[in-house]
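Student: let me see the structure of the following:
(2 chains)
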Amino acid sequence: GEDVEQSLFLSVREGDSSVINCTYTDSSSTYLYWYKQEPGAGLQLLTYIFSNMDMKQDQRLTVLLNKKDKHLSLRIADTQTGDSAIYFCAEGYSSASKIIFGSGTRLSIRP
Amino acid sequence: DTEVTQTPKHLVMGMTNKKSLKCEQHMGHRAMYWYKQKAKKPPELMFVYSYEKLSINESVPSRFSPECPNSSLLNLHLHALQPEDSALYLCASSQDEAKGVVKYFGPGTRLTVL
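Tutor: Numbering: from 1, shown residues only, chains lettered A, B, ... in the order given. Model prediction:
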């Protein structure tokens, strides 16, 4: 079946790097997404990677994809208090209707 | 303009009320979506509209009635809801249903059913 798993919590010191991990089971997905959700807000698309790519970098964000292990990670460099949120990993397909979300990782920043 | 707007931001309603949630986008997207998100859970797909026609209904109870009056607007009509329907309702849009690279989400309407 299709399943996306993430750890529920991550605590990081301000200024350090955060690494949020995700594993998935369906290798037929076309895209892999990272969404950010701040308290009481909707989902913000942070970045995405095509399933035939290994890495994507966008300013403080680095996405790594290990297709063999079906493992996706999001690294946030120089983590700031504004990065506190829930981060959802998701698998996407050629049909936009189908998107499988993970349960979300709550990132908290300590001073 | 890469924005999906939703109104109202918050809504409290009784089980006998009728209310509507509204969603709007001006990105020229032809696919629009309603999701329901319970606390501490990921969003769950409810409905998909493609070119103003209902494309997918994920077995949602009939007390939720979607409507797409034109390519920029999506409504969700609510009637005789139950307390367990309390959730964050998210609208999203994408270029079209078959080109699924980027899906933009609105900020949501937080619904409380008393």
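
Student: could you list the low-confidence segments of the chain?
Tutor: Picked chain A for this. Per-residue confidence for chain A (pLDDT under 70) gives these ranges: A:1.

Student: that was the other one, I meant chain B.
Tutor: With pLDDT under 70 as the threshold, chain B has low-confidence stretches at B:1-2, B:99-102.

Student: run through the residues of it sitting next to chain A.
Tutor: Within chain B, the residues that sit near chain A (CB under 8 Å from any CB of the partner chain) are B:4, B:6, B:31, B:33, B:40-43, B:45, B:48, B:55-56, B:88, B:90, B:92, B:94-108, B:110. C-beta coordinates here come from the backbone N, C-alpha and C atoms, glycine included.

Student: from those residues, which would you call buried?
Tutor: Restricting the residues of chain B next to chain A to buried positions leaves B:4, B:6, B:31, B:33, B:42-43, B:45, B:48, B:56, B:88, B:90, B:92, B:94-95, B:97, B:100, B:102-108, B:110, with burial counted as 16 or more other CB atoms under 10 Å in any protein chain shown.

Student: work out the gap between the longest strand along chain B and the centre of the chain.
Tutor: Scanning chain B for the longest strand, with DSSP state E as the assignment, gives strand B:87-96. The gap between the average C-alpha position of strand B:87-96 and the chain average comes to 6 Å, counting by CA atoms, centre = their mean, to the nearest Å.

Student: cool, stretch B:34-42 as well?
Tutor: Per CA atoms, centre = their mean, the displacement of stretch B:34-42 from the mean C-alpha position of its chain is 11 Å.

Student: before we move on, what about stretch A:67-77?
Tutor: The chain centroid and the centroid of stretch A:67-77 are separated by 8 Å, computed with CA atoms, centre = their mean.
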